[in-house]
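> Need coordinates for the following:
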Amino acid sequence: MQNVSENVYNLLSGGAVQFDLLASEIQVAAQRAGFLSHPLGFFRMRIGAANGGPLYLHVWLPDRSVPQVPRLTVHAHSVSITSYIIMGEIEDYRYAWTDDLNGAQRLFKQNRAPGGPPLLRTSRVGFTSLVSSSRFRAMDRYTVPFPEFHESAIRSAELTATICNFLGESNNDPLVVAPADVDRIPDYKVVALDEAKKSEVMQQVVDGISKIRPA
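From the prediction side, this is the model:
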């Protein structure tokens, strides 16, 4: 499953990239899609598919964020993901999960059934422990392997943008870490960026790509 160009594929896999072409390709994709808010506080736009899974443009806006309440940032994806930093800085934290009946945290899983809450409470109680942290900047590429838990913190006051590829599809449940005494996570209302803001963001992304100077 791949409907992106060899150029975008190379960006994800470490091959040679034509960055002026990359800017054009993202602009073309943006003509067919919009930015939707995500519970982790960023906005994302699907720009294609590669490596058997969806490909997104993620942007964190300094003047606009619509995170889930309560703010739950430590999570595990259903598959491995690879991200390429276009602009800004991200601090990525990795965690280990330990099941413990006396733990202060509980796992919630994505509700795949239509209707009902987006996240379902599980019986798994335990705790997370920090394993590592790494800072990534423009031109850096990093992978979060399944089933690692992680969270990302933005370390730039300006717009931060990444291209994120979910590596395949699976029936594994995405997991979110919450306090153990939480019974239900409130529904999350997705918000779309208006066209004027979308155009402004896309111009910033294109400008950011133009500043990338590969070695």
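> Longest helix in the chain, by number of residues?
The longest helix of the chain (DSSP state H) is helix 195-210.
> so where is the chain shaky, pLDDT-wise?
1-5, 213-215 (pLDDT under 70).
> switch the cut-off to 50
1-2 (pLDDT under 50).
> That one: strands as residue ranges?
Taking DSSP state E as the criterion, the chain carries its strands at 36-37, 43-50, 53-60, 75-76, 81-87, 89-99, 105-110, 119-137, 141-144, 149-154, 160-166, 175-179.
> Please identify the pairing partners of the fifth one and their relative orientation?
If I follow you right, that is strand 81-87. Strand 81-87 has its sheet partners listed here by DSSP bridges as strand 141-144 (antiparallel), strand 160-166 (antiparallel).
> Of these, flag the one that's most buried.
Ranked by mean neighbour count, these are led by strand 160-166 with a mean of 24 (mean count of other Cβ atoms under 10 Å). Using the backbone N, CA and C atoms, a C-beta is placed for each residue, glycine as well.
> Which residues outside that strand are in contact with it?
Outside of strand 160-166, the residues within contact range by Cβ atoms under 8 Å, 6 or more residues apart in numbering are 8, 11-12, 44, 47, 50-51, 53-60, 77, 79, 81-90, 154, 204-205, 208.
> Just the angle for it relative to strand 89-99, thanks.
40 degrees (axes from the mean of the first three to the mean of the last three Cα atoms, to 10 degrees).
> Please list only the buried members of the contacts of strand 160-166.
8, 11-12, 44, 47, 50-51, 53-60, 77, 79, 81-90, 154, 204-205, 208 (16 or more other Cβ atoms under 10 Å).
> re the thing from before, between the strands of the chain, which gets nearest to Ser24?
strand 43-50 (12.2 Å; Cβ to Cβ).
> possible to save the strands paired with strand 81-87 as JSON lines with distance to Lys198?
Formatted as JSON lines, the entries for the strands paired with strand 81-87 read as follows, by distance: least, Cβ to Cβ, whole Å:
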{"stretch": "strand 141-144", "distance to Lys198": "26"}
{"stretch": "strand 160-166", "distance to Lys198": "13"}
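> Look up how far Met45 lies from Leu55.
Distance check for Leu55 against Met45: by Cβ to Cβ, to the nearest Å, it reads 10 Å.
> joint contacts of the two?
Counting by Cβ under 8 Å, 6+ apart, nothing touches both Leu55 and Met45.
> which ones are touching Arg137?
Ile85, Gly88, Glu89.
> Dump these to JSON lines, plus distance to Ala178.
As requested, the contacts of Arg137 are exported to JSON lines (distance: Cβ to Cβ, whole Å):
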{"residue": "Ile85", "distance to Ala178": "28"}
{"residue": "Gly88", "distance to Ala178": "27"}
{"residue": "Glu89", "distance to Ala178": "27"}
